[in-house]
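Enquirer: Okay, sequence plus prediction incoming.
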Amino acid sequence: MARSINHNANTGALPDFRNFGILLRILLIVNGVALLASLLQVTVIRALPAQFTENAALVEPLLILSLLLLAAGSGVLRRLPYAIGIAAVLAIELALTVALHFATRELFFVEAHSLPRWLFIVALITGMLLVYFDLRGRALSPALAEARLQALQARIRPHFLFNSINAVLSLVRQEPRRAETALEDLAGLFRALMADNRELTPISREVELCRQYLDLEQLRLGDRLRVEWHIENMPPDALVPPLALQPLLENAVYHGIEPAETPGTVSINIYVARDRLHVVLRNPYRPNGDHHVGNRMALANIRERLQLHFDVAAELTTRVGENTYEVRIVMPYVKDGR
Amino acid sequence: MISPPLRVLIVDDEAPARSRMRDLLADVSVALPVMIAGEAATGRDALQIAGAGGVDVALLDVRMPGMDGIELAQHMQKLEPPPAVIFTTAYEAYAIQAFELHVVDYLLKPIKAARLQEALSRVMQSAAPSPEVLRGMQYAPRVCLSAAERGKVHLIPVEDVLFLRAELKYVTVRTASREYLIEESLTQLEQEFQDRFVRVHRNCLVARAAIRGFERAGGEAGEGPWQVVLAGLEDRIPVSRRQQHVVRELAR
């Protein structure tokens, strides 16, 4: 099984050079290599900082220019077949090296390195990085295939399923129409759960799913559950990992509303600020509440899936206020056709 | 011979669940004479209804806000006579394990009429679960203690308790307004409510939140043993030599 997932997975794709995590990794690795080179060059450790500065001065202009160029061309590059993409990246790097070599010679009259040697080093490091990202992609792609499974694990609690069915049953005789609506909501939820959850999905669909879920909970809990939506500034086309919201709402109801003797409010805020999508959920918090394990599991699961899709560009944080519990997800504002 | 109908109390915090149970009991009543003795959404209401008498069987939801079903069953045991108890639950893995382990009657929601009928028809014969069994099934500290007095059951919210003192067979429960006697062991109470009470003496637990300070016995220049001052109480509680460290930890 695992094998077949490995084979089907998108073997060979250039990394997304616009992703902050990828950029950070390139920066760190290249500077790491420069440090290593400095270590090999010096005879006494005292000379290391000076040597590293010297090497960095050589490396950094090329590195920064490369990253800018690659980020700019990321869309085009990633659409090329993998082999051609690799050739293109190598060509870009070598061309940049040659250009910089002549530029520095013209401007500063220095001949830092012999050009062939410099070209060889650049080609080597570029190749090494591409192999690294390829391996990393392979390591993560089964994980991406498993994201669907994980989404299932962040699944609707059996507790909710059986209680909901019970609530629907109570309606069948007296209010058949409401029972119908409730069953449709339930079907909608499970369709979403059982769908292929590897691809990002528009947030408007997630919100729709959450509404269906909350309608069902309202059926059971009545006035005890109050819901506040603040989504006037939500871009409906923003893409998010599927089932990123619903499990959080389920936690909010299970921990914040169900155990409380008084009615409580769950609020959902979704907005874009500085090109980042914010999703903020709040529910009443009881200091001596139990069942924290389930909550942490759901959070860890969503965090992992956010990381699979957005690397370090997304984060999930929780905050305990005096009477409220808050979960905040911040992720890049991605639209269709990126 | 026609036996009198079984009087059933429905306890569930969710209105649809209660309504479903009413429907089911109506279905069952064709074969087994049953009548609804009452409905309650909270443990307290349920105990009040059951306390007034006229309840043979209580159908208790396990997970309820405030007092849960398992705690409620423990308080109900003190009624004279105690109603038989059948637990209902949608999916509470821990509860189901406990039910299986102790052969306690339970029904899984959604409940089938046939299964309900079966449970009701044999519940009067089977023995009620013992207090020890119920205590073992508890997954969270109780919200109330209960004391039986002249056939009535008093609920004492744990947050109102100032101190608990063991004397002979009983434990005295002291609140700001009065005292109650309960038949429980101080050690078990200490374990159950370890976040709330602290032991200051071999025979006494005091509520951390009620502690106002410590003072020496024997007046101004007293070098006597330490005593606890509790909010709203004239009496001082002596701290035993072995528990002196509590004074240092709590006096700050």
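Expert: Great, that's in hand. Residues are numbered from 1 along each chain as shown, chains lettered A, B, ... in the order given.
Enquirer: Excluding sequence neighbours, find me the nearest residue to B:Leu189.
Expert: Using CB to CB, 6 or more residues apart in numbering or on different chains and skipping the chain neighbours, the partner closest in space to B:Leu189 is B:Leu164 (5.8 Å). All C-beta spots, glycine's among them, are computed from the backbone N, C-alpha and C.
Enquirer: pLDDT below threshold where in chain A?
Expert: A:1-12, A:107-113, A:141-156, A:288-294, A:337-338 (pLDDT under 70).
Enquirer: Okay, domains of it per the record?
Expert: Domain assignment for chain A by automatic domain parsing gives A:2-150, A:154-332.
Enquirer: Measure how far the first one is from the centre of its chain, please.
Expert: The one in question is domain A:2-150. 22 Å (CA atoms, centre = their mean, to the nearest Å).
Enquirer: can you check stretch A:231-242 too?
Expert: So, by CA atoms, centre = their mean, the centroid of stretch A:231-242 is 15 Å from its chain's centroid.
Enquirer: Check which residues of that stretch are buried.
Expert: For stretch A:231-242, a neighbour-count test (16 or more other CB atoms under 10 Å in any protein chain shown) marks A:Met234, A:Pro235, A:Ala238, A:Leu239, A:Val240, A:Pro241, A:Pro242 as buried.
Enquirer: ok, A:Arg224 - contacts?
Expert: Contacts for A:Arg224 (CB atoms under 8 Å, 6 or more residues apart in numbering or on different chains) come out as A:Ile257, A:Ala260, A:Pro263, A:Gly264.
Enquirer: who's the last one bridged to?
Expert: This points to A:Gly264. A:Leu225 (DSSP bridges).
Enquirer: next one: the one 4 residues further on
Expert: Here A:Ile268 sits in beta bridges with A:Trp229, A:Leu281, going by DSSP bridges.
Enquirer: I'd guessed it sits against A:Glu232; true?
Expert: No - under the criterion of CB atoms under 8 Å, A:Ile268 is not in contact with A:Glu232, lying 11.9 Å apart.
Enquirer: residue boundaries of the helices in the stretch 51-200 of chain A?
Expert: A:82-108, A:115-153, A:158-174, A:176-194 (DSSP state H, counting those that start in this stretch).
Enquirer: leaving aside the residues next to it on the chain, what's closest to B:Val143?
Expert: B:Met67 (5.3 Å).
Enquirer: right, and the one you found touches B:Arg44 too?
Expert: Yes - under the criterion of CB under 8 Å, B:Met67 makes contact with B:Arg44 at 6.5 Å.
Enquirer: Mind checking which of those two has more residues around it?
Expert: Neighbour totals were compared for B:Met67 and B:Arg44, and B:Met67 leads with 23 against 18 (other CB atoms under 10 Å in any protein chain shown).
Enquirer: low-confidence ranges in the stretch 101-250 of chain B?
Expert: B:219-222.
Enquirer: Now do the contacts for B:Glu159.
Expert: Contacts of B:Glu159 by CB under 8 Å, 6+ apart are B:Val143, B:Arg196, B:Ala209.
Enquirer: Would you list the buried entries among these?
Expert: B:Val143, B:Arg196.
Enquirer: Could you list the contact residues of the stretch 201-338 of chain A toward chain B?
Expert: Listed as neighbours of chain B in the stretch 201-338 of chain A under the rule CB under 8 Å from any CB of the partner chain: A:Leu219, A:Arg220, A:Leu221, A:Gly222, A:Glu258, A:Pro259, A:Ala260, A:Glu261, A:Asn288, A:Asp290.
Enquirer: would you turn those into CSV with neighbour count and secondary structure?
Expert: Formatted as CSV, these follow (neighbours: other CB atoms under 10 Å in any protein chain shown; DSSP: H, G, I helix; E, B strand; the rest coil):
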residue, neighbour count, secondary structure
A:Leu219, 23, helix
A:Arg220, 24, helix
A:Leu221, 22, helix
A:Gly222, 12, helix
A:Glu258, 23, coil
A:Pro259, 20, coil
A:Ala260, 18, coil
A:Glu261, 15, coil
A:Asn288, 8, coil
A:Asp290, 11, coil
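Enquirer: re earlier: pick out whichever of the contacts of A:Arg224 sits closest to B:Glu71.
Expert: A:Ala260 (16.5 Å; CB to CB).
Enquirer: gap between the nearest residue to that closest one once chain neighbours are set aside and A:Val327?
Expert: For A:Ala260, ignoring the flanking residues on the chain, the nearest one in space by CB to CB, 6+ apart is B:Pro65 at 5.6 Å. Per CB to CB, to the nearest Å, B:Pro65 is found 22 Å from A:Val327.
Enquirer: So for those two, which sits in the more crowded spot?
Expert: Between B:Pro65 and A:Val327, counted using other CB under 10 Å, the more crowded position is A:Val327 (22 against 18).
Enquirer: Tell me if I'm right that that one and A:Glu250 touch.
Expert: No - the pair A:Val327 / A:Glu250 is not scored as a contact, 11.8 Å apart, by CB under 8 Å.
Enquirer: Per-residue pLDDT of the residue positioned nearest the centre of chain B, please?
Expert: Compute the mean C-alpha point of chain B, and by CA atoms, centre = their mean the closest residue is B:Glu71, 4.0 Å away. At B:Glu71, the predicted lDDT confidence score is 94.
Enquirer: now what about the helix or strand encompassing it, what contacts it?
Expert: For B:Glu71, the element it lies in under DSSP states H and E is helix B:69-76. With contacts defined as CB under 8 Å, 6+ apart, helix B:69-76 is touched by B:11, B:43, B:46-47, B:50, B:58, B:60-64, B:67, B:82-83, B:85, B:87-89, B:95, B:129, B:131, B:134-135, B:137-139, B:142-144, B:146, B:153, B:155.
Enquirer: just to revisit the earlier point, next, the buried residues of the helix or strand hosting the residue nearest to B:Leu189.
Expert: Assigning secondary structure by DSSP H and E places B:Leu164 in strand B:161-167. By neighbour count on 16+ other CB under 10 Å, the buried set for strand B:161-167 is B:Val161, B:Leu162, B:Phe163, B:Leu164, B:Arg165, B:Ala166.
Enquirer: Now the element after that strand, going C-ward?
Expert: The element immediately downstream of strand B:161-167 (helix or strand, assigned by DSSP H and E) is strand B:170-175.
Enquirer: what lines up beside that next one in the sheet?
Expert: Strand B:170-175 has these strand partners (DSSP bridges): strand B:161-167 (antiparallel), strand B:179-182 (antiparallel).
Enquirer: Save these as a markdown table, and put in distance to A:Thr317 too.
Expert: Formatted as a markdown table, these follow (distance: least, CB to CB, whole Å):
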| stretch | distance to A:Thr317 |
| --- | --- |
| strand B:161-167 | 38 |
| strand B:179-182 | 45 |
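Enquirer: and A:Leu169, which of those strands is closest to it?
Expert: Nearest of those (CB to CB): strand B:179-182, 40.4 Å.
Enquirer: Counting neighbours, which bits of that closest one end up buried?
Expert: B:Tyr180, B:Ile182.
Enquirer: Then stretch B:104-114?
Expert: B:Val104, B:Asp105, B:Tyr106, B:Leu107, B:Leu108, B:Lys109, B:Pro110, B:Ile111.
Enquirer: For the first one, give its distance to chain A.
Expert: Between B:Val104 and chain A the computed distance is 19 Å (CB to the nearest CB, to the nearest Å).
Enquirer: Give me the secondary structure label for that residue.
Expert: coil (DSSP: H, G, I helix; E, B strand; the rest coil).
Enquirer: Hmm, it is touching B:Ala84, no?
Expert: No - the criterion here is CB under 8 Å, and B:Val104 misses it with B:Ala84 at 11.1 Å.
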